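Chemist: Mind looking at a prediction? Sequence and model below.
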Amino acid sequence: MNWNFGTVFESVADTIPDHTAIVQGERRRTWRELDERAGRLAAALRHLGLGPNSKVAFYLYNSNEYVETLFACFKLRAVPANVNYRYTEEELAYLLENSDAEAIVFHGSLGKQVDAVRDPELNVRAAIQVDDGSPLVDGAIRYEDLVESHEPMERIERSGDDLLFLYTGGTTGMPKAVMWRQDDLFAALAPAATAFFGLPIPEDTSGVEAVVRKVHESGPVPVHLPASPLMHGTGFMSSLQALTMGGTIVTLESRNFDPDELWRAVERDGLEKVFAQYAAQVSLYQAYLDVTNPGLFTATNADTCERLHLLVPFNAERAQMWSDRAANIVEATRAGELLPRGFDDSENWQCRMCAHHARCWG
């Protein structure tokens, strides 16, 4: 296999161009818009002298720009490197040097730290500032200026050997980068994403279109709200899975986790869109209780005891789909059958670590 997320995301954009890809507050971008803006940013980065294997530091809060910059790096075959936005100047300088970053993309409110680490010995040739109302850092380039001043970069051939850096938090010293090959990362993430919809992993990039179409035809399309930071592995990798399936990434506007904002987003976009698993549970309860009236979903804020109430319409097709999946699992277990393998290769590292490896592949 030769999986590359840049090529996968381009296939998704070609398949569902008008579907919403990213949302933050009132700002929404379709997959067509995401593909175009990422292409423009990739062209701008190339104009600044970056290219394949160039490292780009992401000193960003959760935002649409985070996803756009990620896609742009994939398109250019550059290497994304996450930076914890809580880092001090010393830690930031260390990571820029350690990653050999040639560009840093940062929110304006983090400009003080960026300005403090100017060092001619660093390899950084461009500081790109995402506008959040803060003054422009001296010498920085406005993000939107770059996007607006370039035509989208042409699509190119890419390799599964293209890298992605995932830096740890440095709890055992200074931060360290896990250097993921994109092909390996796709192989680790895709099986769980496709299995959720009962679909096989596509054999190659040409099969992405068929998978995405089936996901969108099956009912609930993934809408993922990473409450954790995208610069952390959990928020980042789960977002990659949702995007690979042609889903939507919703990011909160608050810089700190705000449970009230989280549930306001659920109320705005609907339970089915943001927490599909809860909507599925409600529909199953309604079906088994033979109640077709809307179900009442209630969530309680443990800190303030405030409650959110949502009426969830009964969806017979959704209830039947999840009921069938549960029944298939139960029947297969009773018969002693093996459930579909998550991976196509017995030598996959997750397969080798599984306690059932011998039975599954024997």
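Modeler: The structure has been received and is ready for your questions.

Chemist: Please count neighbours and contacts with C-alpha atoms only from this point.
Modeler: Fine.

Chemist: which helices and strands sit right next to the host helix or strand of Ser238?
Modeler: Following DSSP states H and E, one finds Ser238 within helix 233-244. Applying 3 or more Cα pairs under 8 Å, 6 or more residues apart in numbering; DSSP states H and E, one finds that helix 233-244 makes contact with helix 5-15, helix 182-196, strand 223-224, strand 248-251.

Chemist: Can you tell me what sits against that helix?
Modeler: Applying Cα atoms under 8 Å, 6 or more residues apart in numbering, the set of residues contacting helix 233-244 from outside is 5, 8-9, 12, 21, 166, 189-190, 193, 222-224, 226-230, 248-249.

Chemist: how far out from the middle of the chain is that helix?
Modeler: When C-alpha coordinates are averaged (Cα atoms, centre = their mean, to the nearest Å), helix 233-244 and its chain have centres 3 Å apart.

Chemist: Can you give me the distance of Ser11 to Asp35?
Modeler: 10 Å (Cα to Cα, to the nearest Å).

Chemist: Those two - which one has more neighbours?
Modeler: Comparing Ser11 with Asp35 by other Cα atoms under 10 Å, the one with more neighbours is Asp35, at 25 against 21.

Chemist: got the contact list for the one helix or strand the more buried one maps to?
Modeler: The secondary structure element spanning Asp35 is helix 31-47 (assigned by DSSP H and E). Under the contact criterion Cα under 8 Å, 6+ apart, helix 31-47 has outside partners 9-10, 12-14, 16-22, 51, 68-69, 71-73, 75-76, 146-154.

Chemist: So which of these sit within helices?
Modeler: Using DSSP state H, the members of the contacts of helix 31-47 that fall in helices are 9-10, 12-14, 68-69, 71-73, 75-76, 146-148.

Chemist: for the stretch 151-300 of the chain, which spans come out with low pLDDT?
Modeler: 170-172, 263, 267, 269-277, 299 (pLDDT under 70).

Chemist: change it to 90
Modeler: Scanning the stretch 151-300 of the chain with the threshold set as pLDDT under 90 gives 168-176, 191-201, 203-206, 217-228, 234, 252-300.

Chemist: What of the stretch 1-150 of the chain?
Modeler: For the stretch 1-150 of the chain, the stretches flagged by pLDDT under 90 are 1-2, 25, 88, 118-122.

Chemist: Next, the buried residues of stretch 148-164.
Modeler: Applying a neighbour-count criterion of 16 or more other Cα atoms under 10 Å, one finds 150-153, 158-160, 162-164 buried in stretch 148-164.

Chemist: how long is that stretch from one end to the other?
Modeler: 26 Å.

Chemist: Now the helix holding Ser238 - C-alpha only, PDB.
Modeler: Listed next in PDB are the C-alpha coordinates belonging to helix 233-244 (Å, rounded to 0.1, in the frame of the first residue of the first chain):
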ATOM      1  CA  GLY A 233      -2.900  12.700  19.700                       C
ATOM      2  CA  THR A 234      -6.400  11.900  20.800                       C
ATOM      3  CA  GLY A 235      -8.100  14.900  19.100                       C
ATOM      4  CA  PHE A 236      -5.800  14.800  16.100                       C
ATOM      5  CA  MET A 237      -6.100  11.100  15.200                       C
ATOM      6  CA  SER A 238      -9.800  10.800  15.800                       C
ATOM      7  CA  SER A 239     -10.200  13.800  13.500                       C
ATOM      8  CA  LEU A 240      -8.200  12.200  10.800                       C
ATOM      9  CA  GLN A 241     -10.500   9.200  11.000                       C
ATOM     10  CA  ALA A 242     -13.600  11.300  10.700                       C
ATOM     11  CA  LEU A 243     -12.200  13.200   7.700                       C
ATOM     12  CA  THR A 244     -11.100  10.000   6.000                       C
END
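
Chemist: can you pull the buried residues of it?
Modeler: Counting neighbours by 16+ other Cα under 10 Å, one finds that the buried residues in helix 233-244 are 235-244.

Chemist: Now flag whichever of these is closest to Leu92.
Modeler: For the buried residues of helix 233-244, the closest approach to Leu92 (Cα to Cα) belongs to Phe236, at 19.7 Å.
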